[in-house]
Structures are given as C-alpha cells and as structure tokens.
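Engineer: Dropping the sequence and predicted coords here.
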Amino acid sequence: MDISQTDLDAFPPTRARILRLIKASGSASLRELAAALDQTRENARQQLQELKQGGWIRGQARAAPDGRGRPAMRYTLTSAGDHLFPKHYDDLTVILLDMVERRHGEAALHQTMRDLTDAGVAQWHQQLADLDLADRIQALRGIYFEDDPYTEVDDSGGEYRLIEKNCPYLNVAMQRPQMCSITVSTLTRLLGYRVVREKRFQDGDHRCVFRVLRHQPVDADRFAFELEADFQSAGE
C-alpha cells in the first residue's frame, strides 16, 4: 500500500484492527495482538510484518519489568500510522486565524500572512537563485512538499502554469480562501512575474492552476504581499 494512503478503512480488516488496537493501547506485543484477534501468533506476525514494511508500525524490544527473560517486542504506530486516525489541525488553524483577526484586527491577520510569505520566500530564495525561469517553475512543484506527485508544470502555448491537483491545506482554504494569497504572493516573488489563479478548488474546479504572467514582471525586492482579490484584479 502506498505510504501516502491515509484512509484507515482502505486497509484489510485484520490490519486495520491491529492499527486500532495499537492506537488504543499505545503499544502491544505479538501475544497480546494474537489474543485480541483470536488468531495464531504466526498469522498475527504476518500481518505485523506487512504493516512494518508499509511504514505504519515499528517494533521495539523492551525488557520485562522484573528484568528477567528475553526482552519482549512491542509494536507502536509510526508518525504515518498515527496520521491514519482523525486529526483536527484544520479546525484549529481556522480558529487561530479568526482569533488573530478578532482580537487584533484585519491588519494583524494580513501582517501574519505577509510574514508567512516572507518565510516561504526565504526558504526557497537560495535554492532558486541561479536558476532560469523554467527551472525555477519546475523546482516550485515542490512548494508544499518535496517530490509532490500531484503538482505539475504546463508550458504549452508559450505560457507557464503550475497545476496543483492536491492542496494539502484544502479544508482551511475552502473556509478561508484569502489564505491562498500566501501561495500566490510567494510564487510571484520567487518567479519575478505576477502569478494569478485561473482555476480554483473553491470554484469547484478540483484543482488550482497558477498562471505566470510573463508580460508583467515585478520587482521582487519591493513586492511584499497582496491579497489575492487585489492581486487578481491587477493581473487581468
């Protein structure tokens, strides 16, 4: 199974149950899991091996409390395994954004987005410094994470477009679309040309398409951040 798979229900039933048992107890031994599954230890061992190879669990030898006998192997979830279970980071992010705006005003929220843009530019600046435009765009396929298989570059028709088929921040972006201004502004500064979104997840397009406006160069040293609504109008 692909390590990117995050749907626990997509696992074979026995493996999904093992993951749930380990999650509930924090760790479990082969003996404990075999008993809970009502299976032989050999059958349980085979299932554990598949989960280890997939990167979902790890085994660690732990000494018995009395220090006697051979250390027992106990199994715990890896970070990838733990992320198979429900998380609410998106909800927390929206709450924090709303709290910043409510307590400190809209200008403070915009400053936060500007700071996040600065951080993104600083992260990429050195890596892109000696590249031409085509190579910079190719490199920025990894703007969200390295070797992103869901972002591609279209250079047909004499124009460059960065096509994002999977937004890792989609739930936040759907609720607070102004946060997408960070990506648009970051791309503009790093590429040295205005970037606009032609297609948007928020409009039901199932992707975002960022078009590079090569007829609209910007001074990356002076350009800082713009809200996308203003940005889009300027790019049309």
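Structural biologist: Thanks, I have the structure now.
Engineer: switch to C-alpha atoms for all contacts and neighbour counts from now on
Structural biologist: Will do.
Engineer: Spell out which residues make up each domain of the chain.
Structural biologist: For the chain, the structural domains run 8-82, 89-235, going by automatic domain parsing.
Engineer: What's the mean pLDDT across the longest one?
Structural biologist: Mean pLDDT, domain 89-235: 92.
Engineer: got it, and the first one?
Structural biologist: Domain 8-82 comes out with an average pLDDT of 89.
Engineer: which element is the residue nearest to Leu97 when sequence neighbours are not counted on?
Structural biologist: Among residues not flanking Leu97 along the chain, Leu109 sits closest, at 7.1 Å (C-alpha to C-alpha, 6 or more residues apart in numbering). For Leu109, the enclosing helix or strand under DSSP states H and E is helix 106-128.
Engineer: and that helix, which residues are buried?
Structural biologist: Using 16 or more other C-alpha atoms under 10 Å as the test for burial, helix 106-128 gives 109-110, 112-114, 116-118, 120-121, 124, 128.
Engineer: nearest to Arg214, of the residues you listed?
Structural biologist: Distances from Arg214 to those, taken as C-alpha to C-alpha, are shortest for Leu128 (17.6 Å).
Engineer: quick one on the thing from earlier: what would the buried residues of helix 106-128 look like in TSV with distance to Leu30?
Structural biologist: Shown next, in TSV, are the buried residues of helix 106-128 (distance: C-alpha to C-alpha, whole Å):
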residue	distance to Leu30
Leu109	50
His110	52
Thr112	48
Met113	48
Arg114	51
Leu116	46
Thr117	48
Asp118	49
Gly120	45
Val121	48
Trp124	46
Leu128	49
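Engineer: Neighbouring strands - and their directions - for the longest strand seen in the chain?
Structural biologist: Secondary structure of the chain per DSSP state E: the longest strand is strand 208-217. Sheet pairing of strand 208-217 (DSSP bridges) gives strand 160-164 (antiparallel), strand 193-199 (antiparallel).
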